[in-house]
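> Here you go, sequence then predicted model.
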Amino acid sequence: MQYPVMIQAPLISLLFTILSLVATGVHAQMEAIQESAQARLNNLGPDVRVVELEPGEYRVSSNGQRAAFVLRGLEDVVIDGNGSTIVVEDFKSAFFIADCSNVTIQNFVLDMDPLPYLQGRVREVDEAARSVLVELDKGFAGMEVLKAYFKLKLAVLYDDAGRLLPSQSDCSVSGVGEAGAGMIRVQLSPYDTDLSLADCGYAPGVRMALTGKGQPIIEQHDCSGMVFKNVTVHASAGLAVYERAADEGSVYEGCSIVRLPASDRLLAGNADGFHSSMAVEGPAYLSCEVSSICDDAFAVHGFFSLLLESSAPDRIEIAPLLRRDFEVGSELNFHDIHSLEPLGSARVTAIVSSRDPAKLKAAHDLSAAATREGQRIIRMASEEVLTVTLDREVDLPALTLIESEAMCGAGSVVKDCRIDNVRGRAILLQTTDALVEHNTVSWLTLPGIEVSGEIPWMQGPFSKNVIVQGNTFEDVGFGLSGKASYKTAMGAISLHAYYSGPLKENLYLIQDVLIADNVVRGSGLPAYSVINAEGVTIEGNVFEDVNTLPVRRAGEDLGVDASGDFVVASVADLEVADNDFINLVSGEAQTPEPVQKRRIRK
């Protein structure tokens with residue numbers, strides 16, 4: 001039996017003593033240390049600030065808790081792994097960190113055994129049954145992996161070298177069953193239901209990974225001033241490195257999410273790489289690397305909320321997607337849920353939280369109500385309902401969409417990072433005042449970067465004041481038909497608002513974006529798409545060989561033509577100047593309104 005380590009400040013100095021005991025199997029001693037840890041550490045005083053781990057491999061388990069190591073309430077501590085490897089053996093997190101400030105975690109390698117996914121080779125394709133027979137690779141025969149996740153599962157295809165298969169189409173997994181020794185039969189549901197499995201890329205001999213979504217390998221909540229240096233992740237059951245509601249911006253420097261070197265693994269993570277939500281101050285990702293994961297490499301966002309009811313002219317009840325993401329003094333922006341037209345704004349003067357079961361049920365039911373009225377919302381997972389007093393009277397319709405920029409990762413930086421071989425986007429931003437600079441991106445199924453706000457997932461705000469400059473995007477957007485691609489993310493660089501239904505004209509939600517001095521070389525999608533935006537400048541970029549693999553149904557939902565070199569729709573104050581276009585799809589210059597200046601080379 002293995003034991004979780006529950007660390008309460010100042011218990012940190014025993015963390016690695018306990019780890020060493022786990023590694024050597026001295027479980028009885030470990031239990032005694034856990035029971036007496038608080039008493040023994042009361043006499044150490046406040047001077048313990050650096051904890052170092054002896055180099056080695058440590059195999060740990062959560063024992064049913066949230067993570068193998070739970071760090072709470074720590075301040076001003078450096079935890080140095082000295083290159084040690086932590087192997088998690090039960091699909092849970094390695095670290096869960098809460099209510100900590102100014103803590104540095106550095107020089108760790110994090111892995112899992114067993115690995116939290118299945119992989120193998122397709123041996124047979126049955127089009128009539130929409131299923132494939134898969135021979136599992138050695139070491140991946142454990143069906144217990146399939147029982148460790150949420151119901152959502154995804155199938156992803158790779159070539160012999162472990163590179164994502166070009167022109168594949170996403171398929172969800174509707175069923176998995178054993179089919180003899182080392183064999184499984186997988187029922188597939190293409191996202192584009194009219195596609196055959198062959199259209200989606202399935203053929204005998206193709207390599208396949210089957211993933212679910214579990215817990216992050218590193219998870220932090222409500223922390224401030226966290227620093228992660230030289231932390232390497234080789235496996236994660238869910239989001240690899242996740243932060244929620246950080247107060248001061250976290251710094252991730254020289255961290256990587258990559259497959260174990262010299263291994264035959266297909267994945268380093270089942271979902272996003274680095275993911276930040278609800279941060280007051282956004283993270284800085286510096287000289288990091290992400291490869292071989294099954295969703296976005298970097299994602300930073302806040303959330304939208306919905307109006308539950310108006311209880312007085314200046315008092316409303318709000319259903320947040322998860323929990324409160326604004327403070328007294330925050331400004332709330334209101335949008336009609338159907339048209340998304342602005343309905344004004346007001347400042348918060350008081351907040352009262354309720355967890356009344358009836359109110360929570362009403363909040364959860366809002367997603368179905370909005371979907372019935374034509375605006376799809378995938379879920380509402382409200383943990384509380386907020387009664388909010390405003391500084392002015394408002395008259396808002398039912399299901400008003402509520403936007404706040406108070407906790408959205410404002411000021412985020414993604415700089416000097418490397419992203420490669422990702423089924424998803426390299427960078428997803430739904431935030432304000434962000435900088436994306438000098439990154440190198442290659443081999444993606446979806447856009448290189450998306451700057452947006454999306455109603456179905458209730459991720460916002462609508463992005464503003466974003467700089468994307470000096471980046472290189474090579475071989476991106478080669479998925480045959482990703483869900484997002486035929487909705488609104490239609491360019492290698494995509495700026496848009498994501499909502500249900502046709503294009504909303506004269507609506508400018510994404511604001512003040514600079515796209516400068518980037519190189520896009522080889523894109524299955526158009527060079528860029530700019531939709532429902534204003535104040536956008538695109539200058540000094542090089543776009544070469546774009547829209548080489550036109551996405552099926554691209555622009556279908558919006559009613560927008562995505563067959564050319566770029567997509568521009570419902571845009572105001574657009575300046576496009578001094579860009580080089582090489583090997584145009586159209587073979588001639590296009591001129592979107594209101595202005596387009598560019599040099600063309602073939």
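Great, that's in hand. Numbers count the residues shown, from 1 in each chain.
> Mind listing what's buried along the strand or helix carrying Val568?
Using DSSP states H and E, Val568 maps to strand 567-577. Buried residues in strand 567-577, counted by 16 or more other Cβ atoms under 10 Å: Val567, Val568, Ala569, Ser570, Val571, Leu574, Val576. C-beta: built from backbone N, CA, C; applies to glycine.
> Let me know the secondary structure of Ala370.
Here Ala370 is helix, with the state taken from DSSP: H, G, I helix; E, B strand; the rest coil.
> any chance you could map the helices in the protein?
15-24, 27-41, 357-364, 366-372 (DSSP state H).
> residue ranges with poor pLDDT in the stretch 401-550 of the chain?
For the stretch 401-550 of the chain, the stretches with pLDDT under 70 are 481-488.
> Check the stretch 51-200 of the chain too.
Along the stretch 51-200 of the chain, segments meeting pLDDT under 70 span 141-143, 146-152.
> what about stretch 84-96, start to end distance?
One end of stretch 84-96 to the other measures 18 Å (Cα to Cα, to the nearest Å).
> Need the contact partners of that stretch.
Applying Cβ atoms under 8 Å, 6 or more residues apart in numbering, the contact partners of stretch 84-96 are 2, 19, 53-62, 65-71, 105, 107-114, 116, 145, 148, 214-221, 237.
> Just give me the neighbour total for Val77.
22 (other Cβ atoms under 10 Å).
> is it true that it touches Ser101?
No: here Val77 does not reach Ser101: they are 9.6 Å apart, not a contact under Cβ atoms under 8 Å.
> just to revisit the earlier point, of the helices of the chain, which shows the lowest average pLDDT?
Among these, helix 27-41 carries the lowest mean pLDDT, a mean of 32.
> one step back: any quick ChimeraX command for the buried ones out of the contacts of stretch 84-96?
Typed into ChimeraX, the line below selects the buried ones among those, using 16+ other Cβ under 10 Å:
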select :19,53,58,59,60,61,62,65,66,67,68,69,70,71,105,107,108,109,110,111,112,114,116,145,148,214,215,216,217,218,219,220,221,237
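> Which of the contacts of stretch 84-96 fall in strands?
Judged by DSSP state E, the contacts of stretch 84-96 include 57-60, 67-71, 105, 107-112, 218-221 as members of strands.
> sorry, back to before: closest one of the buried residues of strand 567-577 to Phe334?
Phe334 lies nearest to Ser570 out of the buried residues of strand 567-577, by Cβ to Cβ, at 20.4 Å.
> thinking the closest one is in contact with Ser529, fair?
No: Ser570 is beyond contact range of Ser529, at 11.3 Å (criterion: Cβ under 8 Å).
> Spit out the contact partners of the nearest residue to Leu188 once chain neighbours are set aside.
Spatial nearest neighbour of Leu188, excluding adjacent residues (Cβ to Cβ, 6 or more residues apart in numbering): Cys171 at 4.3 Å. Under the criterion of Cβ under 8 Å, 6+ apart, the neighbours of Cys171 are Leu154, Ala155, Leu188, Ser189, Pro190, Tyr191, Leu197, Cys200.
> again, 10 Å this time
Residues in contact with Cys171 (Cβ atoms under 10 Å, 6 or more residues apart in numbering) are 130, 132, 153-157, 186-192, 195, 197, 200-202, 208.
> How about Pro397?
Contacts of Pro397 (Cβ under 10 Å, 6+ apart): Leu307, Ser310, Phe334, Asp336, Ile337, His338, Leu343.
> Which of these ranks first by neighbour count?
Counting by other Cβ under 10 Å, top hit in these: Ile337 with 24 neighbours.
> Can you give me every residue that contacts that one?
So, once contact is read as Cβ under 10 Å, 6+ apart, Ile337 ends up touching 304, 306-307, 366, 369-370, 373-375, 377, 397-402, 455, 499.
> now swap in Glu403 and tell me
Glu403 sits in contact with 302-305, 326, 331-335, 342, 345, 453, 460-462, 509, where contact means Cβ under 10 Å, 6+ apart.
> Now list the buried members of those residues.
Neighbour counting by 16+ other Cβ under 10 Å classes 302-305, 326, 332-335, 345, 453, 460-462, 509 among those as buried.
> Which one of those is nearest to Val476?
Gly453 (21.5 Å).
> who touches the residue nearest to the closest one when sequence neighbours are not counted in this structure?
Here the nearest residue to Gly453 in space, its sequence neighbours aside, is Phe462; by Cβ to Cβ, 6+ apart that works out to 3.6 Å. Applying Cβ under 10 Å, 6+ apart, we find Phe462 in contact with 304, 333, 335, 340, 403, 405, 430-432, 451-455, 496-498, 508-511, 532-533.
> Just the ones in strands from those residues, please.
Mapping the contacts of Phe462 onto strands (DSSP E) picks out 333, 335, 403, 430, 432, 451-454, 496-498, 510-511, 532-533.
> which among these end up buried?
Applying 16+ other Cβ under 10 Å to the ones in strands among the contacts of Phe462 flags 333, 335, 403, 430, 432, 451-454, 496-498, 510-511, 532-533 as buried.
> Going by distance to His275, which of the residues you listed wins?
The closest of these to His275 turns out to be Gln430 (Cβ to Cβ; 11.8 Å).
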